[in-house]
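In: Kindly generate the corresponding structure for this input.
(chains A and B)
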Amino acid sequence: NAGVTQTPKFQVLKTGQSMTLQCAQDMNHNSMYWYRQDPGMGLRLIYYSASEGTTDKGEVPNGYNVSRLNKREFSLRLESAAPSQTSVYFCASSEFGLNQPQHFGDGTRLSIL
Amino acid sequence: DQQVKQNSPSLSVQEGRISILNCDYTNSMFDYFLWYKKYPAEGPTFLISISSIKDKNEDGRFTVFLNKSAKHLSLHIVPSQPGDSAVYFCAASRDSWGKLQFGAGTQVVVTP
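Out: Residues are numbered from 1 along each chain as shown, chains lettered A, B, ... in the order given. Below you'll find the model as predicted:
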């Protein structure tokens, strides 16, 4: 009964390093999302995937890439990490369609020095 | 440009009393609104939602009210319990699915 699983939970990177954040869901959801949360701000959408095989930019996509590997997995990649990308990253999933609430993982806390 | 605003960063309420959380939005195209609850070191958990065709939705102790003319929604928790101590996020979408815009959150502390 895992729901949405994110790995790793914590990571420290140096500026310029690359990293992939992993997300997997076991609820057979079609849609998946990546958000970031910064202090004093709400969650902001980075990228989303409405269904397997499609991805689209959200509100803050610069500096990130995503891959919808299959229906279960949606990864977020930082090609060249910058201190401004220090944040808590949340992955979410939902059924495809109108008014479907999103289910979130517990987040990855990422620090970039 | 933040289109969903929660102007009260914190709220303290006594156990058993009512908690009222407020949220304002600027985009009149939003048509679906949600409240999420978040404990430390966990992801947000869906609490309750409301479509723009309604002005009230109730689920147990939680009621959400929507005032479209004022672009305002509120979450009422009655009665408040210690387990309600968490950060509450208001969120909105403009096409009834998918891309959500979140407010900055309100930290609720329920005291004995």
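
In: From A:V60, how far out is the nearest residue to A:L69 once chain neighbours are set aside?
Out: Once flanking residues are discounted, A:L69 sits nearest to A:S75: 6.4 Å by C-beta to C-beta, 6 or more residues apart in numbering or on different chains. Every C-beta, even on glycine, is put in place using the N, C-alpha and C of the backbone. Separation of A:S75 from A:V60 (C-beta to C-beta, to the nearest Å): 17 Å.

In: A:V4 now?
Out: Per C-beta to C-beta, A:V4 is found 20 Å from A:V60.

In: More neighbours: those two, which one.
Out: Each of A:V4 and A:V60 has its neighbours counted (other C-beta atoms under 10 Å in any protein chain shown); A:V4 has more, 23 against 17.

In: bridging residues for the residue nearest to A:L69?
Out: Here A:S75 sits in beta bridges with A:S67, going by DSSP bridges.

In: That one: what's it in contact with?
Out: A:20-23, A:66-67, A:69 (C-beta atoms under 8 Å, 6 or more residues apart in numbering or on different chains).

In: The closest residue to B:H76 other than its chain neighbours is in what secondary structure piece?
Out: In space, and not counting its chain neighbours, B:H76 is closest to B:T63: 4.6 Å by C-beta to C-beta, 6+ apart. Assigned by DSSP states H and E, B:T63 falls within strand B:62-67.

In: Neighbours of residue 68, how many?
Out: Using chain A. Counted with other C-beta under 10 Å, residues neighbouring A:R68 total 19.

In: Correction: the question concerned chain B.
Out: 15.
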